[in-house]
Every structure is written in structure tokens, then in C-alpha cells.
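J.: got a structure for you, letters missing:
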């Protein structure tokens, strides 16, 4: 495997790329539906403005969450708490919960707890889908917990 630093760089870059592409596609749709004029120049300007706005927001948000997840996952992996390290979904689930809590910590505690629960739930749902028969082994893809 890779070192935690290599995984953090790879995961953050990959998440930024997918977040930017997804946000840009959403901005494309939003820009086309909210165009105030039927002229081509106005349409192109609207699409570019919306794609830039949503693409950058989504890419930055996904990269920030991914960097937090990778940092917490590396800390848990090399921590002396062997109980969390050895349980297969517990380490990534704890890292995802901590990343969600940290990312939304500037809002209310309720929102931060919800973000942590969503992160841990996403990891556990992926683990459960792999165990039930989705055809892949948990953590075998090399991206985040997949």
C-alpha cells in the first residue's frame, strides 16, 4: 500500500477533480435554465458563471473533507489504539465521522453530529454492500474507503 501522505494527496486530488466536474455539470444545467436572455453570448456567459461558481465550491468542499478524512485515517492507522486499527470498518468509519464533525464544526453541534453520522454511515453502508455481495472487497480500490 501507500503511505498515509501519498493516500492523502491522491484522495484529495481525485476528490477535487470529481467535485469540480460534478459542480460544473450542475452549474451548466443551472446556467442554461436561468438565462435571462436568448442571445448566445448571454447564454454562454450565464453557463460559464454558474459552472465556475458551483464547480469551485463543490471541488473545494470535497477536497477539504477528503483531506480531513485522510488525515484522521492516517492518525487512526498509526495510533497506539490497536482496537480501532484491527476492526476493518471501524477505523475508516471513525475517520469519516471525525472528518464530518470537523468540517461542520463551525455550524451548530447538531449539524456537526449529523455530518459525522452521515460520514460514518456512508462508510458502513459501503462496507455492508461489499459484504452482501456487491463483488468487491472493502478498501481494495485505493480511493478513500472503497
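T.: Received the coordinates, thanks. Please read all numbers here as calculations on a predicted model, not as lab measurements.

J.: Against residue 48, how distant is the residue nearest the centre of the chain?
T.: The chain has residue 62 as the residue nearest its centroid, 4.4 Å off, counting by C-alpha atoms, centre = their mean. From residue 62 across to residue 48, the span is 21 Å (C-beta to C-beta, to the nearest Å). Using the backbone N, CA and C atoms, a C-beta is placed for each residue, glycine as well.

J.: Same question for residue 6.
T.: 35 Å.

J.: who's more crowded, the two?
T.: Taking neighbours as other C-beta atoms under 10 Å, residue 6 and residue 48 compare with residue 48 leading, 14 against 11.

J.: What are the neighbouring residues in contact with the residue of the chain most remote from its centre?
T.: Here the chain reaches farthest from its C-alpha mean at residue 39, the gap being 37.1 Å by C-alpha atoms, centre = their mean. By C-beta atoms under 8 Å, 6 or more residues apart in numbering, the contact set of residue 39 is empty.
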